[in-house]
Structures are given as structure tokens and as C-alpha cells.
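[1] Take a look and give me a structure for this.
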Amino acid sequence: MFGFHAVLARLRADPRSVLEVFLDEKRNDARGKDLIALAERAGVQLMRVSAKRLDGFYGGGRHQGVVARVQMKSLSHSVDEIVEQVEKPLLLVLDGVTDPHNLGACLRVANAAGANAVIAPKDRAAGISPAVSKVASGAAEATPYVMVTNLARTLAELKERNIWIVGADERAEKTLFEADLPDSIAWVLGAEGDGMRRLTRESCDLLVRIPMRGEVASLNVSVSAGVCLFESVRRRK
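    Numbering: from 1, shown residues only. Below you'll find the model as predicted:
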């Protein structure tokens, strides 16, 4: 794991999972001192090393001067466990998002919107990795990410719990601003370009599109997720 946001978030959320922290020996600024203090309070070993050694961990200089060795984040949450604890679930379902940077950005926007979980199929999704955690800026540590074996079956189970399955599809007749949206909702988005798979699309109770006013034909999946999730947030208020 690398980057200040990701490492600090893991230290705050689950310090026992952080095995070691490596900090650039030249980082003596406020962020570096905050990291040292937090690691000390958590009882985590912190070592000051050269930037060259940090570069060797990930083959580049994008670590911001901090790298941590951590235990893999558990994905043991089940969808049932999550929705049972929430009166009106707000979920994000990703079908075919395999790019780590897109997943990290989706986790970040889901966390910002207060989504209860992000759900993805095991066969067509990126897992939690250092790159995902860095882009997510702490959201990967706070927002449950559930990878399921059969996405269509999971969507059917959500329906049984009176959670509407609403897909974002550029071919839909209604825009998300025109459609009636329920409070208990699972937003489904596909990868940019390919979109949702046919079976996933057929599993949706409702399809809506984001109205496009300019010249671009589509939005990045994380941007689309933000538009949809925050429309739900707006209506709830």
C-alpha cells in the first residue's frame, strides 16, 4: 500500500492490519510528522528509508514518500449482512469495471455519497490492490467492497428485499432526473464502452440515462456513479 491518504486511512481504520510503514527519510514536513505520530500511537513499526528504496517497491516515484506493508483487506462482508443493518440501502453495483483506477475512484465517490456498499462480480472486476487504495484515498478502507459469484442472483436477492435495481444506460428513454427513484436502491453501472452485460441489464427494474448536453458521448464510470448516487442523496433530503 502506498500514498499518504491510503496509509493514514488504514492506520486509523485498522491499525492491526498494518505490519510496517516505510517513510522517506527526507520527509520532515507536517504530513510526515502526523504519520509518525499516528504509527507510534498504533504501535506500528515505522522505518525511515531512502527514496530510492521506496521506488523499488512499486517501480516508480508515485508513492509520495510512504509505503506500508499490510495484511490484505478482508472481503468477508456479505450483501445480506450489509443490507440487514440499513433501513434504506444505497448501493453501487459495478458490472465489468476491471481498471484499478476506475474502481478506486468509484469507491471514493460511493464513500462520499454515503453508499452502504459497492458490489461487483468476481469474474469481471478489479480487486482491492495498492493502486485501488491510493486512488480511493481511504474509501477502500471504509466502504465495504463485496465481490459475488453470481451477480444476477445477487440482484434477484436484493429485489426480494424491496431494493430497486436501477441501471444507468445511455439508451434508456427516461433520464435519471425524470424517473421516479425509490429510497432503497442499487445503482448498476457497466464499464465505459461495453456497458452492462445483457443479463445484468435484464435484471434491472428500471433503466435511466444521464442527459448529455455537450459533445462527449459518455462519462467515466466513476463520474457517472457520482451523478447517480448523489441524485439519490438529493432526493432523500
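
[2] so what are the domain limits for the chain?
    As given by automatic domain parsing, the domain ranges for the chain are 4-70, 79-236.

[3] Just put the ones you listed in TSV and tack on mean pLDDT and mean neighbour count.
    Every residue, glycine included, has its C-beta placed from N, CA and C. Shown next, in TSV, are the domains of the chain (pLDDT from 0 to 100; neighbours: other CB atoms under 10 Å):
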stretch	mean pLDDT	mean neighbour count
domain 4-70	83	16
domain 79-236	88	18
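
[4] show me what contacts the residue lying closest to residue 26 once chain neighbours are set aside?
    Excluding the flanking residues, the one nearest residue 26 by CB to CB, 6 or more residues apart in numbering is residue 51, at 6.9 Å. Contacts for residue 51 (CB atoms under 8 Å, 6 or more residues apart in numbering) come out as 24-26, 61, 65.

[5] Need the max-distance pair from these.
    Greatest spacing in the contacts of residue 51, by CB to CB: 25 and 61 (14.9 Å).

[6] So residue 152 sits against residue 196, correct?
    No. Using CB atoms under 8 Å, residue 152 is not in contact with residue 196; the gap is 11.0 Å.

[7] circling back to that earlier point, now, the contacts of residue 51 that are in strands?
    residue 24 (DSSP state E).

[8] where exactly do the strands run in this protein?
    Under DSSP E, the chain gives strands at 18-24, 45-49, 66-70, 90-95, 117-121, 145-148, 164-168, 185-190, 206-208.

[9] other SSEs contacting the second one?
    What that stands for is strand 45-49. Other elements packing on strand 45-49 under the criterion 3 or more CB pairs under 8 Å, 6 or more residues apart in numbering; DSSP states H and E are strand 18-24, helix 30-42.
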